[in-house]
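Q: Got a sequence here, can you model it:
(4 chains)
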Number of protein chains: 2
Amino acid sequence: MASASPSPTLRRVTLKDVARALKISPATVSNAYNRPDQLSPSLRARVLETAQTLGYSGPDPLASSLRRGRSGVVGLLYDATLSYAFADPAASLFLGGVARAVEAQALNLLLIPSPQDTAPVRTASVDGFIVYSASDGSELLPAVMGRGLPVVLVDQTPLPGAAYIGIDDAGGARQAARHLLDLGHTTIGILSLELGWPHRHGPVTPERETQLTYRTTATRLSAYREEIGTQATLHVMEAHGNTPQEGALMTLELLEAHPEITALLCMSDVLAQGVLEAARQLGLQVPHDLSVVGYDDIPSSAALGLSSVHQPTAHKGELAGRALLELLGGETTPQHVTLPTHLVARSSSGKRRDTGP
Amino acid sequence: MASASPSPTLRRVTLKDVARALKISPATVSNAYNRPDQLSPSLRARVLETAQTLGYSGPDPLASSLRRGRSGVVGLLYDATLSYAFADPAASLFLGGVARAVEAQALNLLLIPSPQDTAPVRTASVDGFIVYSASDGSELLPAVMGRGLPVVLVDQTPLPGAAYIGIDDAGGARQAARHLLDLGHTTIGILSLELGWPHRHGPVTPERETQLTYRTTATRLSAYREEIGTQATLHVMEAHGNTPQEGALMTLELLEAHPEITALLCMSDVLAQGVLEAARQLGLQVPHDLSVVGYDDIPSSAALGLSSVHQPTAHKGELAGRALLELLGGETTPQHVTLPTHLVARSSSGKRRDTGP
DNA sequence: TTGTAAGCGTTATCAG
DNA sequence: CTGATAACGCTTACAA
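A: Next comes the predicted model:
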């Protein structure tokens, strides 16, 4: 019936093939897909039909993106492997917020794993970037900014030309510290997130602090310290990875080294949940023997009675998404937003235990 | 010093501009980026340098993808909005597994929100798809298969030509049901996930069951029923959305309608955690007054003592990713894998309470 | 309403 | 080691 089957399966069917089969111009076929109002319904129907029989499934996205100059994709960079991001409830919450914002505009979200190599940043087909808590010295930032695309920075040092969405890290940290002070604690442990690259586990030395390049960590740490001043003795441990296991391990080590500690400030709820687990193993009563305050207030913390600094994580994501959408829409003044944090006191924090005989 | 500034900011800098500035061919500039070994180091250095000064940040990803015929992106479809996906720990775990597999190959992950519209499926620049628990009748499947790209189906009815990764849904459900039967329960409630589109909340009627198009739901439901047979009375409720809130609400409604219920089978741990919350509100002791068994065994369930059917969620994601990588690598026989499930009995399930004097 | 033609920014091939 | 050239598959003024 028809004329050709140029080569069995060698070449894929293109818009041109459809045009040829119908003896019309490629432009018309393109219009059939992208501007239905530009051609008669009957012709359009025929086009779609032969496309079907020829096995043509619509314009190639790559080609049309190239031609149009937009890919319809938002790139999301996280300063860790993706598998790690998904393991952190706070990160998931954030991603969910971003997703809500971008899917409202029919944009897709491209997750870019960004451990050390910047290649993925340079070769990702996206219209803009959202960068989530990258370390300050990271080579990622120059690579991202170098692409010349709209950028939103989240939870990290603002950069000129990029939008910024962050939270009041210091305020939250101060509230947490004040809370423990008010409860009478005078020897407090701090379970810190990573200070900088390379990631490391263990007690924080002054030397290690010179490598403090994560802005969130830096801000919280100094806020804890400032608030506490000389009212309590502090012992700081650095986590290698934001996991409950790490939190538990740090607790064991810290309490072994400093049994006089009666309270722990944790920079994430994930770490704090590990503390709870460790306390159970050690037979310590929370909060009687050990008070614990987390950070983030992830959903599961409520059920566990974990005191924590609440931050609007999902909302932060949504704002980040919206900030990028604005930039994409031609807005030239990048947003700069700081969201509030507040302490939620639950049952994991209480009066200091009697340390006497 | 240099000669030109062709137009202030009008056109973006391309590879050709760099070539022109150096009076060499575009091919050489391309090689400078993609095949360093194809040109002298000195020339390459000059190329990179002028690129820098011209503000050229490397080959356009879109263009090179078009030319190469590969985008380096894996598309991930989820039968719900993305924001919803991120709210479900099991989904996050799964995504994390997929991420681990694809990031090992330096591929990126494109999250495609797929509520009802198939447009995003047709216009996504990807090399292959992973489809996660889509409803059987969904228009998504034809749209995906129509693209003619490698496809991996997860937790849904297998399709010819696509790889399949799933779990032993029925086995897990049977173990859960058997467990409750062994504990003496004779009136059991089932908190079911969605049966089909449109999503609905409430008691499941025979009429509603005709719309049962989610394979996972269907399989678990019939397995629960088969195992229980006539050994207990069953009451089934359908959740509108997989959230703890919904689980709590269903519990309230179900126990109000059928106070004689002493045990609940939940199709997800997220729902089951809502049950725990509702029980607390109602002043019911778990498991004394009410036994609860979930499904998925998400990480937070251990700390809550929730009995659950364990499935290797993250591993499932990793296998799905790997199955797609194989297909991408030219493998022509799609994998077909079913992973095991098993009951983990914890403290949320116990002997049936004495019902009355 | 439909066709023409000129790219979009790259890379692969092949000759020099 | 370097360069010309021809695609890759599509969209969009603009002309007919």
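Q: Any regions of chain A where pLDDT drops low?
A: A:1-11, A:81-83, A:115, A:354-357 (pLDDT under 70).
Q: what's the domain layout of it?
A: Listed by automatic domain parsing, the domain ranges of chain A are A:13-49, A:73-167+A:313-339, A:169-311.
Q: right, and those domains - which one's nearest B:Ser268?
A: Set against B:Ser268 and scored by C-beta to C-beta, the domains of chain A come closest in domain A:169-311, at 14.8 Å. Glycine gets a C-beta too; all of them are placed from N, C-alpha and C.
Q: Show me what residue of the stretch 151-300 of chain A gets nearest to DNA strand D.
A: A:Val151 (25.2 Å; C-beta to the nearest atom of the strand).
Q: Around DNA strand D, which positions in the stretch 1-150 of chain A sit nearby?
A: Contacts of the stretch 1-150 of chain A with DNA strand D, taken as C-beta under 7 Å from any atom of the strand, map to A:11-12, A:14-16, A:26-27, A:30-31, A:33-34, A:58-60, A:63-64, A:66-68.
Q: Check the burial of whichever residue of the stretch 151-300 of chain A sits closest to chain B by counting its neighbours.
A: Nearest residue of the stretch 151-300 of chain A to chain B (C-beta to the nearest C-beta) works out as A:Ser300 at 4.6 Å. When counting by other C-beta atoms under 10 Å in any protein chain shown, one arrives at 21 neighbours for A:Ser300.
Q: for A:Thr123, same thing?
A: 19.
Q: ok, for it, nearest residue in space, not its chain neighbours?
A: For A:Thr123, ignoring the flanking residues on the chain, the nearest one in space by C-beta to C-beta, 6 or more residues apart in numbering or on different chains is B:Pro61 at 4.9 Å.
Q: dump the residue contacts of that neighbour.
A: When contacts are counted by C-beta atoms under 8 Å, 6 or more residues apart in numbering or on different chains, B:Pro61 touches A:Arg122, A:Thr123, A:Ala124, A:Ser125.
Q: Swap in 7 Å and give it another go.
A: Counting by C-beta atoms under 7 Å, 6 or more residues apart in numbering or on different chains, B:Pro61 touches A:Thr123, A:Ala124, A:Ser125.
Q: What of A:Leu77?
A: A:Ile112, A:Ser114, A:Val121, A:Phe129, A:Val131, A:Tyr132, A:Ala134, A:Leu140, A:Val144.
Q: Sketch out the strands for chain A, chain order is fine.
A: A:73-78, A:108-113, A:128-132, A:151-154, A:163-167, A:187-192, A:202-203, A:233-238, A:263-266, A:291-296, A:307-310, A:336-339, A:342-344 (DSSP state E).
Q: hang on, the earlier thing: the residue of the stretch 151-300 of chain A closest to DNA strand D against A:Phe129, yeah?
A: Yes: counting by C-beta atoms under 7 Å, A:Phe129 is a contact partner of A:Val151 at 4.8 Å.
Q: so what's in contact with the two at the same time?
A: A:Val144.
Q: sorry, back to before: using TSV, please lay out the contacts of A:Leu77 together with distance to DNA strand C.
A: Compiled in TSV, these are given as follows (distance: C-beta to the nearest atom of the strand, whole Å):
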residue	distance to DNA strand C
A:Ile112	18
A:Ser114	21
A:Val121	15
A:Phe129	18
A:Val131	22
A:Tyr132	27
A:Ala134	25
A:Leu140	21
A:Val144	17
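Q: can you tell me which two in the residues you listed are farthest apart?
A: A:Val121 and A:Tyr132 (13.3 Å).
Q: hey, where'd the helices end up in the stretch 251-357 of chain A?
A: Assigned by DSSP state H, counting those that start in this stretch, the stretch 251-357 of chain A shows helices spanning A:269-282, A:300-304, A:313-328.
Q: How about the stretch 101-250 of chain A?
A: Using DSSP H, counting those that start in this stretch, helices in the stretch 101-250 of chain A cover A:119-122, A:140-146, A:169-182, A:206-209, A:215-228, A:244-257.
Q: and the stretch 101-250 of chain A, which residues reach chain B?
A: With C-beta under 7 Å from any C-beta of the partner chain as the criterion, the stretch 101-250 of chain A comes near chain B at residues A:103, A:106, A:108-113, A:120, A:122-125, A:146-148.
Q: sorry, back to before: now, which of the contacts of A:Leu77 sits nearest DNA strand D?
A: A:Val121 (22.6 Å).
Q: so the closest one makes contact with A:Ala143?
A: Yes: the pair formed by A:Val121 and A:Ala143 meets the contact definition of C-beta under 7 Å, at 4.4 Å.
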